[in-house]
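A.B. asks: what follows is a protein structure lacking sequence information:
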């Protein structure tokens, strides 16, 4: 049975609660059994998910738990960057899940999530997004969504206990900061963010149930905007050039270097070279 999580930390209670009607709207569209912890304004939904793990580590967490916010003042991106998260302008969500059943597949979680998000956008908006390796969703060559997956590790066993899947989608951003205004965009059609949140959540939970099959890899390849393109990447603090040729079973980017060597990038960031 779907329900809203009621037990929260003091810090969470200090945060203004999100429009509870929005949480109810998400629940209305959800097919999965998910608890929701909503905020109006918070630092980061990923951060709140981590705090939640710390609060209930001795009690056990009935996952999945969905954290949603109307506004983030410290939205988190990859590589220590921030994610611009203005109020009333986007979908800011983090899904907290137990890692028990996907330990061997955590390496490809971001890849699977990218497909889940792109499929949800296509279903709801009727547009076909692209994926820029490894975790960005693009429309018309501009970034519309970022994904940040983080692990919560037990300090005693050093085993990953929980995974936090953070997703931020620009839905109706009127203006972007100067440093990203040329590379960021919003969804080009009016979008119900509560329904989009439900679609993304359901897609992720469904994909996690069979993630070992790697069914999402072919779909990722179909949407991947960098395959066949000349790219630059950084290795040992040196910028190098290569051609992106494939995506491997674990979501790694297979490249052919300038000297003809084939290698796989498992993490990092690439740039498509403009001719």
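C.D. replies: Arrived safely, thanks for sending. Because the structure is a prediction, the values reported are computed rather than measured.
A.B. asks: low-confidence ranges in the stretch 1-150 of the chain?
C.D. replies: 1-21, 58 (pLDDT under 70).
A.B. asks: what ranges do the helices span in it?
C.D. replies: 10-14, 20-29, 45-55, 109-125 (DSSP state H, counting those that start in this stretch).
A.B. asks: most tightly surrounded among the ones you listed?
C.D. replies: Greatest average neighbour count among the helices of the stretch 1-150 of the chain goes to helix 109-125 (a mean of 22), per mean count of other CB atoms under 10 Å. C-betas here are computed from N, CA, C, even on glycine.
A.B. asks: let's have the helices of the stretch 1-150 of the chain in CSV, adding distance to residue 184.
C.D. replies: Putting those into CSV (distance: least, CB to CB, whole Å) gives the following:
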stretch, distance to residue 184
helix 10-14, 29
helix 20-29, 24
helix 45-55, 19
helix 109-125, 15
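A.B. asks: contacting residues for the residue lying closest to residue 30 once chain neighbours are set aside?
C.D. replies: Excluding the flanking residues, the one nearest residue 30 by CB to CB, 6 or more residues apart in numbering is residue 198, at 4.6 Å. By CB atoms under 8 Å, 6 or more residues apart in numbering, the residues touching residue 198 are 26, 27, 28, 29, 30, 31.
A.B. asks: what is the nearest of these to residue 158?
C.D. replies: residue 30 (33.6 Å; CB to CB).
A.B. asks: can you pull the domain assignment for this structure?
C.D. replies: 3-223, 230-272 (automatic domain parsing).
A.B. asks: most tightly surrounded among these?
C.D. replies: For the domains of the chain, the highest mean count by mean count of other CB under 10 Å goes to domain 3-223, at a mean of 18.
A.B. asks: re the thing from before, to residue 263, which of the helices of the stretch 1-150 of the chain lies closest?
C.D. replies: helix 109-125 (17.8 Å).
A.B. asks: wait, doesn't residue 173 sit right on residue 91?
C.D. replies: No - between residue 173 and residue 91 there is no contact under CB atoms under 8 Å: 11.3 Å.
A.B. asks: what is the neighbour count of residue 224?
C.D. replies: For residue 224, the count of nearby residues is 22 (other CB atoms under 10 Å).
A.B. asks: how close does it sit to residue 118?
C.D. replies: 10 Å (CB to CB, to the nearest Å).
A.B. asks: which residues do the two both contact?
C.D. replies: Common neighbours of residue 224 and residue 118 (CB under 8 Å, 6+ apart) are 130, 131.
A.B. asks: picking that back up, export the contacts of residue 198 to CSV and tack on distance to residue 41?
C.D. replies: Output for the contacts of residue 198, formatted as CSV (distance: CB to CB, whole Å):
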residue, distance to residue 41
26, 18
27, 21
28, 23
29, 23
30, 23
31, 29
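A.B. asks: which single one of those residues is nearest to residue 127?
C.D. replies: residue 29 (19.3 Å).
A.B. asks: in contact with that closest one, which residues?
C.D. replies: With CB under 8 Å, 6+ apart, residue 29 has these contacts: 194, 195, 197, 198, 199.
A.B. asks: got CSV for those, with secondary structure and pLDDT too?
C.D. replies: Formatted as CSV, the contacts of residue 29 follow (DSSP: H, G, I helix; E, B strand; the rest coil; pLDDT from 0 to 100):
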residue, secondary structure, pLDDT
194, helix, 95
195, helix, 96
197, helix, 97
198, helix, 97
199, helix, 98
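A.B. asks: format those residues as a markdown table; extra columns: distance to residue 87.
C.D. replies: Below are the contacts of residue 29 laid out as a markdown table (distance: CB to CB, whole Å):
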| residue | distance to residue 87 |
| --- | --- |
| 194 | 15 |
| 195 | 19 |
| 197 | 16 |
| 198 | 21 |
| 199 | 22 |
